[in-house]
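K.L.:
predicted model, plus sequence, below.
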Amino acid sequence: MEEQQAGSRQIGDALHSMNDSTIEVRTASAEMAEGNKQILKEVQNLQNATVTMKDSIKEMSIGARKINETGSELHDVSNIMKDSINKIGNEIDLFKV
């Protein structure tokens, strides 16, 4: 009987220890799941920020292209005006006072 009682106590202790381990594993799993949710949320935030940056860079590229086009057009207009001024000057030089 004493041996059976001792065996029963050992089984009870082992079951109690297993129960404690199960609770610890369950708690750790819940913490890991919450951590994973936070990581996924931060990854989504990073993806959103990347999309925003990509769109901003695209807008900046369009703006830079327009600035270059305007600069080229201004250069062309400047050359036309220079030619016109030279022609007017040549015409004025034909007059004698």
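P.N.:
Everything's here; your move.

K.L.:
so where's this structure uncertain?
P.N.:
Residues of the chain that meet the criterion pLDDT under 70 are absent altogether.

K.L.:
give me the most central residue, it.
P.N.:
Thr50 (2.1 Å; Cα atoms, centre = their mean).

K.L.:
can you give me the helices for the protein?
P.N.:
In the chain, helices defined by DSSP state H lie at 2-94, listed in chain order.

K.L.:
do you know how far Ser17 is from Ser8?
P.N.:
When distance is defined by Cβ to Cβ, to the nearest Å, Ser17 is 15 Å away from Ser8. Quick note: C-beta positions are derived from backbone N, CA and C, even for glycine.

K.L.:
what's the answer for Asn86, then?
P.N.:
Distance from Asn86 to Ser8, counting by Cβ to Cβ: 115 Å.

K.L.:
now swap in Ile88 and tell me
P.N.:
If you go by Cβ to Cβ, the gap between Ile88 and Ser8 works out to 118 Å.

K.L.:
how about Glu34?
P.N.:
With distances taken as Cβ to Cβ, Glu34 is found 39 Å from Ser8.

K.L.:
ditto for Ala30
P.N.:
33 Å.

K.L.:
ok, now Gly63?
P.N.:
For Gly63 relative to Ser8 (Cβ to Cβ), the value is 82 Å.

K.L.:
next, count neighbours for Ile92.
P.N.:
Residues near Ile92, counting by other Cβ atoms under 10 Å, number 8.

K.L.:
ugh, wrong one, I meant Ile62
P.N.:
10.

K.L.:
next: Ala64.
P.N.:
Ala64 has 10 nearby residues by other Cβ under 10 Å.

K.L.:
quick check: it vs Leu94, distance?
P.N.:
Going from Ala64 to Leu94 by Cβ to Cβ gives 46 Å.
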